[in-house]
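Asker: Need coordinates for the below:
(one chain, ligands or ions: 1)
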Amino acid sequence: MKIQVAIDLLSTAEALQLAGKVAPYVDIIELGTPLIKAEGLSVITAIKQAHPDKTVFADMKTMDAGELEADIAFAAGADLVSILGAADNSTIAGAVKAATERGKGIVVDLIGIADKPARAREVAALGVQFVEFHAGLDEQAQPGYDLDVLLSAGTASQVPFSVAGGVSISTIANVQKSGAQVAVAGGAIYSAADPAQAAKELQAALV
Ligand SMILES: O=C([C@H](O)CO)[C@H](O)[C@H](O)COP(=O)(O)O
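Answerer: Numbering: from 1, shown residues only. As a prediction, the model looks like this:
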């Protein structure tokens, strides 16, 4: 299983600093949606230039104009771009077209989708690289939130998937057991007193 660090900070300088600390322990560096909104596409270019050996994920969460939005993120240096599962299939297909032309990949984010396994199977058929079973920060803050529900849904989908929703050192073993290809960790790394140590411990917890 790969580890993806989600950088939900708000400046390119902070993102570069964090990425520099944790890069040895992660496979994928994600530029979070708030970061891209705050800094623009230039943050993607800055991170890719600093870490050309890493897969750079632009969390665009695109809902429309899939081909155009994916293409501008790829042109900026992204290797993977997220499109929302709630988007029309034509939006996802357009983004897949842009990815295919550039030899890159699309990830569909299932945030807010009620029947995630069913939608995962539909979008997998459109040629996306993998599907993200995602509970966002606001959903995680609600009483009763349970990561295991997300993991069970991912396993049931029977398609390649990642998991994002408060993954931490105490849950990463269960994420791996669920069959996920990628564990996404944001707050567990960027909010840690020692982000490099936190990322190292997540990596060490993999079997
Ligand atoms: O995608 C995310 C969220 O929508 C804000 O951009 C997070 O990066 C994702 O949820 C992972 O972060 P944690 O839940 O803090 O691990």
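Asker: For this protein, what lies in contact range of the ligand?
Answerer: 6, 8, 32-34, 59, 136-137, 140, 164-167, 184-188 (CB under 6 Å from any ligand atom). In short, each C-beta sits where N, CA and C put it, glycine included.
Asker: Kindly recompute the last result at 8 Å.
Answerer: 6-8, 30, 32-34, 59, 61, 109, 111, 134-137, 140, 164-168, 184-191 (CB under 8 Å from any ligand atom).
Asker: Put the buried members of those into a PyMOL selection.
Answerer: A single PyMOL command selects the buried members of the residues of the chain next to the ligand (16 or more other CB atoms under 10 Å):
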select buried, resi 6+7+8+30+32+33+59+61+109+111+134+135+164+165+166+167+168+184+185+186+188+189+190
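Asker: Out of the residues of the chain next to the ligand, list just those in helices.
Answerer: Among those, the members found in helices (DSSP state H) are 33-34, 137, 140, 187-190.
Asker: For T91, state which of these is nearest.
Answerer: The nearest member of those to T91, counting by CB to CB, is T33 at 16.5 Å.
Asker: Isn't the closest one up against D59?
Answerer: Yes. Applying CB atoms under 8 Å, one finds T33 in contact with D59, separated by 4.8 Å.
Asker: Just give the closest residue to the closest residue to the ligand within the chain, not the sequence neighbours.
Answerer: Nearest to the ligand in the chain, going by CB to the nearest ligand atom, is G186, at a distance of 2.5 Å. Computed as CB to CB, 6 or more residues apart in numbering, the closest residue to G186 that is not its neighbour in sequence is A6, at 3.5 Å.
Asker: so what's the one you found bridging to?
Answerer: E30 (DSSP bridges).
Asker: And A180, how close does it get to K200?
Answerer: Noted for A180: a distance of 20 Å to K200, by CB to CB, to the nearest Å.
Asker: S162 too?
Answerer: Relative to K200, S162 is positioned 20 Å away (CB to CB).
Asker: So for these two, which sits in the more crowded spot?
Answerer: With neighbours defined as other CB atoms under 10 Å, S162 and K200 compare such that S162 has more, 27 against 15.
Asker: Could I get the contacting residues of the nearest residue to the more buried one once chain neighbours are set aside?
Answerer: Distances taken as CB to CB, 6+ apart put V182 closest to S162, at 3.6 Å, once the chain neighbours are dropped. By CB atoms under 8 Å, 6 or more residues apart in numbering, V182 lies in contact with 1-4, 27-28, 130, 161-163.
Asker: 10 Å - rerun?
Answerer: By CB atoms under 10 Å, 6 or more residues apart in numbering, the contact list for V182 reads 1-4, 27-28, 30, 55, 57, 80, 107, 129-130, 132, 160-164, 167, 175.
Asker: Out of those, which end up buried?
Answerer: Buried among these by 16+ other CB under 10 Å: 1, 3-4, 28, 30, 55, 57, 80, 107, 129-130, 132, 160-164, 167, 175.
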